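Peer 1: Following is a predicted model, sequence given first.
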Amino acid sequence: MDYFGQLLANGLVLGAVYALAAVAFTLVYGVVRLVNFAFGELFMVGAFLTTSLMLPEVRLVGHVVPMPGFSFPVAALVAVLLTAALGVAVDRIAYRPLRRAPRLAPLITSIAVSVVLQSLAQTVWGAEELRFPEFELATYPPVVLFDSIYLSVMDLVVMASALCAMTGLTLFVARSSLGRAMRASAEDQTAALLVGVPVDRVVAAAFAIGSGFAALAGVLYAQTYGFAHSSMGFLPGLKALTAAVLGGIGSIPGAALGGVVLGLVEALGAGYLPNGTAWKDAISFVLLVLLLYVRPQGLLGRPELNAAGRGSLLGGAAEMGGWLRGVFAGLDRLLAGSSARGGAVALGAVALAAAAGLLVPSDYWLRILTTVLIYGMLASGLNVIVGFAGLLDLGFVAFWAVGSYLTSILFVLVLKDGFGVALQETWWLFYLNLPLGGLLAAALAVLLGTPTLRLRGDYLAIMTLGFGEIVRIVAINWVGLTNGPMGIRGIPAPVLFGVPLGTPRAQFFLALTLAAAVVFIVARLVRSYVGRAWVAIREDEEAAEAMGVPTARYKLYAYAMSGFVGGFVGVFYAHYQQYISPLNFSLFENIILLMLIVLGGLGTFIGPFVGAVIWIVFLQVAIDIPFVQAYPETRFALLGVILIALMLFRPQGLAASARVPLVMAGAGPGKAGRAEGAVAGRAGT
Amino acid sequence: MSAAPPNPAAPTPAILAAEGLTVRFGGLEAIGGLDFAVARGAIHGLIGPNGAGKTTVLNALTGFVRPAAGRLSFDGAEIGGLGVAAIARRGLARTFQNIRLFGAMTVLESVLVGGHRGFGASPLALVLHTAGARAAERAAIARAGELLDFVGLGREVAGRVATTLSYGHQRRVEIARALMSEPKLLLLDEPLAGMNAVEKAEIADLVRAVRARGVSVLLIEHDMQIVRALCDRLTVLEYGKRLADGDPEAVLADPAVQAAYLGRAR
Amino acid sequence: MTMKGIAAAAFGLGLALAPLATSTARAEEITIGFTAALSGDFAAFGLNMRKGLDLALAELNKKGGATYTIDAVDDRGEAREGVLIAQRFCSDQKVDVVMGYSFSSIALAAVPVFNDCKLPVLASAVTSPALSGVSPYFRRNVLTDAVQGAMMGTYAAKTLGESKIYVLNQQDDYGIGVAKAFTEAAEKAGAKIVGSESYLLGSKDFRTLLTKVRAAQPDAIFIGGFYTEAAKIAEQARGLGIKAQLLSTDGALNVELMKLGRGAVEGMIVYGMFDPSVATPATASFLSAYKAAFSEAPSAWAALGYDAGMTLGAAVELAAKDGPVTRESLNTAFGKLKDVPGVTGPTTFLPSGDRNGALYFLAVKDGTFTLAPKQP
């Protein structure tokens, strides 16, 4: 117990930073009902700007640029103001045009903004950490309380600035007219609009203040840990979002409380649990998941049921101009025909892929094509929940991991290492594991999804995000089960009746078979009452409910189906790569998968594969461009920019017009002149 | 096929009954102790000035809003406190004041969603396209086609994206979608809004045809001529309370109704 | 482009002359597939290796006999890339040997592919014991974590005489391996491990961890991890008033350590396979050449990259004696090499693909790595 005091102090310093950033999430969510994932990156920008402004010179994009060398308070103030302006600009460019669009579009856009900002920061400031400069206040000897609690002077500054900022904000919201308008908007937006609250100004103010708070948190964090780095905002951003949800998203005192609680729980958990430091990130996410089970509205929040959740991507898009419109119109005409002849198109695609598999001479390109298929399959699974049911899932990689680990643990750790079985004898187990891995993942999906499905879709996104991180941390830390970060190697390549399928060509054809199976299963479900229920939920959840669709149950089905595909593909992935480690299953992979479907086309069967082909082939081709070699992260920035543009102008993705018919093949009006031609099927013009 | 025709000898003559229905938003009482009943096989009108709480009543009946007090019984069973889907599955279908069709769906698909309750094939049966699953789909499609004819759209619109149709046609799709669930009672929230006289007369005919299929109707409407011609009974709402209830001619002649209603609207 | 052109011309000339001048070495064109994390958080290891290798290849090319070119691919430290890059090299018939690798996990994912296409690998920075004997085509000129960690453990307990040691490690194959070896060796040499704790790579906040460490009152803290975390641990430890001797690994052996940790890392002892103060002529010329080329002092990783290049040169020479150099003959030659001289000591590969070698203990003094005052 002798270090309880020190842990408390550590927790409070950390909690102060979380609380500040949590305010950013809460303010903006309160006013526009948007979880702006990009706040983590504004946090990072704040840190970089302060660091740069304090130095005499900085290397930007490889060039030495002279800097003013401000003192800490001046640099911090300028950085906070600049970041606030950046936040408002981001809102203007990327979010405001989508204000009237359904919820999924701005949510995805904010993730894309995040990717763009992080990649650009890496391009500008480099991949290495930038040391936070020394300044006088930081060199004072630490304050020692009770002979056992060490606090640096800057720790006190951190806590004091957080306290001041919070108090200032509370006064602002309570006293100023803009602040009151902001509170009114948060209470009831339509009502606020009716009473004449200047909504655009209120939203801009929320983004400015929110981004300023995120930047301040970033500055204090950078100062405390002595560095700035392009990925530094990621985890604190997640924690701050967790803190905001914990406290009750939308509530400013809730954000403060949530931040402090999270800081303390993390510090005490890390301090008292065995090997707590390695587990501490899981502690906060477990807390989040538990809380969403018990009290989804958070500690100080008000219950907010699924009022206007829509995952549709229709509507709200801006008109694009000029030749681009012509290009897409042509594409649409081309694809429009495809939706009527889904079966023929699918057969054609498989035949084309098979021909490629036979004719491509290079094993390297076969591997690339196999990777395309794997990512296409995974994206197809994610597409069930995101594209068809319209719910954002940020923990999909966890299902992938579950399938991969199931088969790897069974084959390598249990059969080979445990019982000394020769693995070629148990080749059939691979084929059994495919559905088993899928079912295990689906079961997890049901377990996890149940508490959030009555809530707004945002909660599912946050919950799944926490779940994905928990699975990854468990995979790293539970060495006894997963062999930890060492990963599992020696996973046998698939074998079929004694014929090894280890060559790149055999693997490609196996992947192609599985991909066809995945698309077939998903298509059969989508083209039935189940798919109609999903799309109805996506387009108008309340109307679907009023038509007798038990929406919560069907959301769960979508989540489970998506999990099934993730687990199924995960089993193959492990045997394909023959080695897995927790590194394979990061949140970034999830974001990439999400981007692939958005790129290709949400809610279509070919979209995930279109996105995967474009992206994976681009990644490989781009390796040889000298500029990309110097700045590899610019590829991700480019992807992010394309996605934001797509969200603004063509939110259903490139293959948007490859509309999926939701009527059973052969039973619908697509095939004229049959008994079911009872409904004449002339598509309207 | 359709619900039973009106049967005056049934143990509960009313298909729907509300007793002391009370709805509160925060501190505000939107509906205060409302009593009314819809008779089996009737076309019942719910009228009142703007803001009287008509749509709120509809929302309370269909489970969108949870009543603070009161009893709601439908077809002889208590439905107060049930969820939206559960109420819908008992045979209470509705349309919306501002049409809410599913954005990306064709007319046929939208109508089929209304028939959701009728499907039960397991996922495996769907993946394997078993004979049973196919037959259910075909039967539903045939019925949807019949309903599209019934609402006067014709089957040729089946493949069009519903939201690209004209306003009046969208109304009819919404009605077809609601009918697809084989309801016992259809709630129509201002189905005539924004229509010209010809269209209004057509929709009125459609409502009568719906009743002829054995479906009771509860109708919110502003057009008094249509209401007078169409409804068997009226309930008038003002400030969330019942102002009058009874035969349309008598109710509309009531000076209190005229003062409240005609004095304000138009 | 021109390099390739010249090399091709030389190769053509070699072919033309071959029937006449049988005794002279053929002008071989050797293409090296180089892969490592060249961008991202841990790019420094790969970039350093590359610099050392470039220097070696420049020397070899000047010497004549064979021309060496590099085809470099960045794996960004992502496991997913491992297989694809391996296949890219395998399918490219020009590639004769693969070098580099920053992360053991990526090398582990790639090895089955190399094993299938029989392409020899000579890695320089992957230290996981799991890579020992993993394939007859895989070799590395760096000691494993198991060996290095054990040497450090013995050094800490015996040479430095630390009796109470707290062990921290980053939670990955590298950190776990090195900490385990360190713990076993230190305990065997009589030290007491008063606690151990792990942290995730990329952690920033170590104050809670260090609060626990402080309560155990150790004489020394061993940090089994990379410079990024070692620097933060050092700084936060000093901030909490911890005065114990800090020890770390070759993962912390990087000039970035001093940039990030500044005063707090002063006195930290790390190890590596290269000591710039060893006054052999080879080391001296390497030092001056490296400084001339890159205007910085070489790290152990650069030295290993350089030695890997020189080892490759020796293997090519050996293989060329029995005909044209192929992947297979090059692999056989690697196995036959004996005591190839280098700045990290002589290189001979064991049947497991590992090598033996010496370890130097270096202390941070006035912001640079210098040979620690006490050596075993």
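Peer 2: Perfect, I can see it now.
Peer 1: Can you give me every residue that contacts A:Ile118?
Peer 2: That one is not Ile; residue A:118 is Gln. Counting by CB atoms under 8 Å, 6 or more residues apart in numbering or on different chains, A:Gln118 touches A:Glu41, A:Met44, A:Ser230, A:Ser231, A:Gly233, A:Phe234, A:Glu633, A:Phe636. In short, each C-beta sits where N, CA and C put it, glycine included.
Peer 1: Could you report the pLDDT at it?
Peer 2: As summarised for this prediction, A:Gln118 has a pLDDT of 91.
Peer 1: all helices of the stretch 1-150 of chain C, in order?
Peer 2: Taking DSSP state H, counting those that start in this stretch, the helices of the stretch 1-150 of chain C run over residues C:2-17, C:43-63, C:79-91, C:104-117, C:145-154.
Peer 1: May I see those arranged in JSON lines, with mean neighbour count as well?
Peer 2: Formatted as JSON lines, the helices of the stretch 1-150 of chain C follow (neighbours: other CB atoms under 10 Å in any protein chain shown):
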{"stretch": "helix C:2-17", "mean neighbour count": "13"}
{"stretch": "helix C:43-63", "mean neighbour count": "22"}
{"stretch": "helix C:79-91", "mean neighbour count": "24"}
{"stretch": "helix C:104-117", "mean neighbour count": "24"}
{"stretch": "helix C:145-154", "mean neighbour count": "24"}
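Peer 1: between these, which gets nearest to A:Phe399?
Peer 2: Proximity to A:Phe399, assessed across the helices of the stretch 1-150 of chain C by CB to CB, is greatest for helix C:79-91 (16.9 Å).
Peer 1: Contacts for the closest one next, please.
Peer 2: By CB under 8 Å, 6+ apart, the surrounding residues in contact with helix C:79-91 are A:362-365, A:367-368, A:371, A:487, A:504, A:577, A:579, A:581, A:583-584, A:589, A:620, C:33, C:35, C:71, C:73, C:75, C:95, C:98, C:103, C:105-111, C:113-114, C:116-117, C:119.
Peer 1: low pLDDT regions in chain A?
Peer 2: A:1-2, A:187-196, A:302-325, A:334-342, A:454-457, A:656-658, A:667-685 (pLDDT under 70).
Peer 1: Could you break it into its assigned domains?
Peer 2: As assigned by automatic domain parsing, chain A contains the domains A:21-231, A:350-587.
Peer 1: Could you single out the most deeply buried of those domains?
Peer 2: domain A:350-587 (a mean of 22; mean count of other CB atoms under 10 Å in any protein chain shown).
Peer 1: What are the boundaries of the helices in the stretch 1-150 of chain B?
Peer 2: In the stretch 1-150 of chain B, the helices defined using DSSP H, counting those that start in this stretch lie at B:54-61, B:84-89, B:107-114, B:123-128, B:131-150.
Peer 1: export the domains of chain A to a markdown table and tack on distance to A:Leu299?
Peer 2: Formatted as a markdown table, the domains of chain A follow (distance: least, CB to CB, whole Å):
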| stretch | distance to A:Leu299 |
| --- | --- |
| domain A:21-231 | 12 |
| domain A:350-587 | 15 |
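Peer 1: ok, and which of the contacts of A:Gln118 reach chain C?
Peer 2: Filtering the contacts of A:Gln118 for neighbours of chain C using CB under 8 Å from any CB of the partner chain leaves A:Ser231, A:Glu633.
Peer 1: what about the helices of the stretch 1-150 of chain B, which gets the closest to chain C?
Peer 2: Nearest to chain C, of all the helices of the stretch 1-150 of chain B, is helix B:123-128, at 30.5 Å by CB to the nearest CB.
Peer 1: How much space separates whichever residue of the stretch 101-250 of chain A sits closest to chain B from A:Gln652?
Peer 2: Residue nearest to chain B within the stretch 101-250 of chain A: A:Pro102 (8.8 Å; CB to the nearest CB). Counting by CB to CB, to the nearest Å, the gap from A:Pro102 to A:Gln652 is 12 Å.
Peer 1: Which stretches in the chain count as strands?
Peer 2: No chain specified, so I'll use chain A. Secondary structure of chain A, counting by DSSP state E: strands at A:57-60, A:63-66, A:130-131, A:143-145, A:149-151, A:227-228, A:488-489, A:495-496, A:499-500, A:579-580.
Peer 1: Oops, wrong one, chain B.
Peer 2: B:14-25, B:28-39, B:43-47, B:69-74, B:77-78, B:92-94, B:185-189, B:216-220, B:233-238, B:241-246.
Peer 1: now, of those, which is deepest in the fold?
Peer 2: Mean neighbour count (mean count of other CB under 10 Å) peaks for strand B:92-94 among the strands of chain B, with a mean of 27.
Peer 1: For that one, which helices and strands make contact with it?
Peer 2: helix B:167-180, strand B:185-189 (3 or more CB pairs under 8 Å, 6 or more residues apart in numbering or on different chains; DSSP states H and E).
Peer 1: If we check chain B, which of the contacts of helix C:79-91 are in contact?
Peer 2: The subset of the contacts of helix C:79-91 within reach of chain B, counting by CB under 8 Å from any CB, is empty.
Peer 1: Ok, which of the helices of the stretch 1-150 of chain C comes nearest B:Leu206?
Peer 2: Minimum separation from B:Leu206 across the helices of the stretch 1-150 of chain C (CB to CB) falls at helix C:79-91, 59.1 Å.
Peer 1: hang on, A:Met54 packs against A:Leu77?
Peer 2: No. If you go by CB atoms under 8 Å, A:Met54 and A:Leu77 don't touch, sitting 11.8 Å apart.
Peer 1: Name the stretch among the helices of the stretch 1-150 of chain B that sits most buried.
Peer 2: Among the helices of the stretch 1-150 of chain B, ranked by average contacts under mean count of other CB under 10 Å, first place goes to helix B:107-114 (a mean of 29).
Peer 1: Please report phi then psi for the residue of the stretch 101-250 of chain A closest to chain B.
Peer 2: A:Pro102 has phi and psi values of phi -60, psi 160 when expressed as degrees, to the nearest 10.
Peer 1: And it, how far from A:Ile252?
Peer 2: With CB to CB as the criterion, A:Pro102 and A:Ile252 are 27 Å apart.
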